[in-house]
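Asker: Quick one, structure for this:
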Amino acid sequence: MAFEIQPTIGLIVYLHSVKHSRSLKQFGRLYYVSKRMRYALLYVNQDQQEAVTKKLTSEGYVKQVVPSHLNELVQEVEGKNTVDDDDSFDEDF
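Answerer: Here you go, the predicted structure:
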C-alpha cells in the first residue's frame, strides 16, 4: 500500500463571526483564521471542492467562499527559468 499525496486547494471562507470558525474543521483542514478580517483559510481535496463549496455557502454563518489561486501562481513561477533572469543583473558597478 503506497502513500499517495492528494492534490488540495485552498478555500477562503468569509465569516459573519469568528466564533463559528471551529465548525469549519468538519469540512477540511483549517489552516488559518483571521480574527480582525473575519476569514478562514481551509484546505480541501481538489476533487471535493465543488461539494464543500456548496455546503459552506448554505451555512448561515458564511458570507462568501472564494477559491485560492495560490496553486496557479506556484505553477506559473516554477515554469520560469531563473538562470536567464540572473544574467541580466551581471553589471559592473
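
Asker: Quick one: low-confidence residue ranges for this structure.
Answerer: Across the chain, the ranges flagged by pLDDT under 70 are 79-93.

Asker: residue ranges for the helices of it, please.
Answerer: 49-58, 70-78, 82-87 (DSSP state H).

Asker: ok, and which of these has the densest surroundings?
Answerer: Highest mean neighbour count among the helices of the chain (mean count of other CB atoms under 10 Å): helix 49-58, with a mean of 14. Glycine gets a C-beta too; all of them are placed from N, C-alpha and C.

Asker: Make CSV out of the helices of the chain and add distance to M1.
Answerer: Shown next, in CSV, are the helices of the chain (distance: least, CB to CB, whole Å):
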stretch, distance to M1
helix 49-58, 26
helix 70-78, 27
helix 82-87, 38
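
Asker: Quick one: closest of those to Y32.
Answerer: helix 70-78 (12.2 Å; CB to CB).

Asker: other SSEs contacting the closest one?
Answerer: strand 8-15 (3 or more CB pairs under 8 Å, 6 or more residues apart in numbering; DSSP states H and E).

Asker: contacts for stretch 6-19?
Answerer: For stretch 6-19, the surrounding residues in contact (CB atoms under 8 Å, 6 or more residues apart in numbering) are 21, 24, 28-29, 31, 33, 35, 38-46, 49, 52-53, 56, 60-68, 70-71.

Asker: Mind checking which of these are buried?
Answerer: 21, 24, 28, 33, 38-44, 49, 52-53, 56, 62, 65 (16 or more other CB atoms under 10 Å).
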